[in-house]
Structures are given as structure tokens and as C-alpha cells.
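Trainee: coords below, sequence missing:
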């Protein structure tokens, strides 16, 4: 399983699986992508970090992924 989606695969995903659906960024259709979103969290624009952090935690709970980043958890509390 890879955490890379092709353009075609990404295009097929519903907005609901994206951490930032309005921008269609940070796709999280499975556990591997939840981990990738956590890893790439630092690249998210500052003003969008609380929203993305909450989305990561929600998808992580859905897939049984432990979010280890204290930064993601802190931003989720801000949102």
C-alpha cells in the first residue's frame, strides 16, 4: 500500500475524504493516507491547521490510527 494517489485516483475521491475538502488537499481514504496527512501537516497553511487537525483526528478514529503528533492534537483543540 502506498500513500501516493495518482491524479485520476484523487479526482475520483469524494470531497468528504479530504482534510481540506474546499481545496481537495490531504486526501484520507484509508489508514495509510491518515498517517501521510499527519506527516505532511506542517506544510498546511497556518490558518487552516485547526480544521485539518480535527479532520485528521476524525479520520484516524474511523480507521483506528493512533495520532502521535502532539502538534496535531494541539491544533485540534484550537479548532
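Mentor: That came through, no problem. Model, not experiment: these values are computed from the prediction. Numbers count the residues shown, from 1 in each chain.
Trainee: for this structure, which segments count as strands?
Mentor: 18-20, 25-27 (DSSP state E).
Trainee: export those to TSV and tack on mean neighbour count?
Mentor: From N, CA and C alone the C-beta is placed, and that goes for glycine too. TSV is the format used below for those (neighbours: other Cβ atoms under 10 Å):
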stretch	mean neighbour count
strand 18-20	22
strand 25-27	21
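Trainee: Throw those into JSON lines and include distance to residue 62 and mean pLDDT, thanks.
Mentor: What follows is the strands of the chain, written out as JSON lines (distance: least, Cβ to Cβ, whole Å; pLDDT from 0 to 100):
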{"stretch": "strand 18-20", "distance to residue 62": "13", "mean pLDDT": "98"}
{"stretch": "strand 25-27", "distance to residue 62": "14", "mean pLDDT": "97"}
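Trainee: got a markdown table for the ones you listed, with distance to residue 69 too?
Mentor: Output for these, formatted as a markdown table (distance: least, Cβ to Cβ, whole Å):
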| stretch | distance to residue 69 |
| --- | --- |
| strand 18-20 | 13 |
| strand 25-27 | 14 |
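Trainee: for the residue nearest to residue 22 when sequence neighbours are not counted, give its distance to residue 46.
Mentor: Distances taken as Cβ to Cβ, 6 or more residues apart in numbering put residue 15 closest to residue 22, at 8.0 Å, once the chain neighbours are dropped. Separation of residue 15 from residue 46 (Cβ to Cβ, to the nearest Å) stands at 22 Å.
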